[in-house]
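**Q** All I have is the shape, not the residue letters:
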């Protein structure tokens, strides 16, 4: 527990500092997390980082992650990029004589999109023309509030299992507690900056952060069960890997961007 607390405090302080600084400081941290996270993903699927298929997956993840607009460059066509990544990965199945199967190629395509766009969306929100820091703090605050609410409400009054075959400790009561606290925290940001976050939008941000964040956690739990592992990695002592800690973020931020709940301009 002591190790977990120390890691959490140090890691949290570094993350908060980079988020406040924003710009390329924040992007550098997200890039490091993305590289580590995709490495964990490849390893979960039985591949070393230097396997040709892993390297193509890393390249695809980078293309998705790069902030083209911030660099003043034209955004590559999304469909063209995904198709080229698909083609290159399928080519590996030929050259390895099916040592890398089509199933493995599909998993790496999935991972490149999952990790790459998840972290890209975080940078988009922080780098938004209007209230980027505030919106990032509101989103992270709502996500963390959901985790805290689900944990303490679940431990206190949780009786009905939410999804025991995937995550046996989670309860319906805890899940609902997470939703309520997440929405409450988002509303607090609305009260603090009503011109930037209207009340109705704050409620929706809290709802999306809680529901999608909990689903992101369950998705990662389900995948780890399939692979028969407890943690995606060990880079964060007491906390596991990057994907263990960022599973909610990778789902919530893309949805906040796609729904327009967090405006980018």
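**A** Sure, I can see it. All values reported here derive from a predicted model rather than from experimental measurement. Numbers count the residues shown, from 1 in each chain.
**Q** and residue 106, what helix or strand is that in?
**A** Applying DSSP states H and E as the criterion places residue 106 in helix 102-126.
**Q** Which positions in that helix come out as buried?
**A** Under the neighbour-count criterion of 16 or more other Cβ atoms under 10 Å, helix 102-126 has 104-105, 107-109, 111-126 buried. The way it works is simple: take the backbone N, C-alpha and C, and place the C-beta from them, glycine included.
**Q** Return the distance of that helix from the chain's centre.
**A** 9 Å (Cα atoms, centre = their mean, to the nearest Å).
**Q** what's it packed up against?
**A** If you count contacts as 3 or more Cβ pairs under 8 Å, 6 or more residues apart in numbering; DSSP states H and E, helix 102-126 packs onto helix 23-44, helix 52-65, helix 78-95, helix 132-157, helix 242-246, helix 249-258.
**Q** Tabulate those (a markdown table), appending distance to residue 223, mean neighbour count and mean pLDDT.
**A** Output for the helices and strands packed on helix 102-126, formatted as a markdown table (distance: least, Cβ to Cβ, whole Å; neighbours: other Cβ atoms under 10 Å; pLDDT from 0 to 100):
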| stretch | distance to residue 223 | mean neighbour count | mean pLDDT |
| --- | --- | --- | --- |
| helix 23-44 | 7 | 20 | 95 |
| helix 52-65 | 16 | 21 | 95 |
| helix 78-95 | 19 | 15 | 94 |
| helix 132-157 | 19 | 20 | 94 |
| helix 242-246 | 9 | 23 | 92 |
| helix 249-258 | 12 | 22 | 96 |
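**Q** Which one, of those, ends up nearest to residue 197?
**A** Closest approach to residue 197 among these is made by helix 132-157 (6.3 Å; Cβ to Cβ).
**Q** by contact count, what packs against that closest one?
**A** Under the contact criterion of 3+ Cβ pairs under 8 Å, 6+ apart, helix 132-157 touches helix 2-21, helix 102-126, strand 167-171, helix 172-192, helix 199-227, helix 249-258.
**Q** quick one: the nearest residue to residue 65 once chain neighbours are set aside from residue 235, how far?
**A** Leaving aside its chain neighbours, residue 65 sits nearest to residue 116 (4.5 Å; criterion: Cβ to Cβ, 6 or more residues apart in numbering). Per Cβ to Cβ, to the nearest Å, residue 116 is found 19 Å from residue 235.
**Q** what's the answer for residue 200, then?
**A** 39 Å.
**Q** So which of the two has more stuff around it?
**A** residue 235 (19 against 9; other Cβ atoms under 10 Å).
**Q** wait, what's in contact with the more buried one?
**A** For residue 235, the contacting residues are 36, 241, 242, by Cβ atoms under 8 Å, 6 or more residues apart in numbering.
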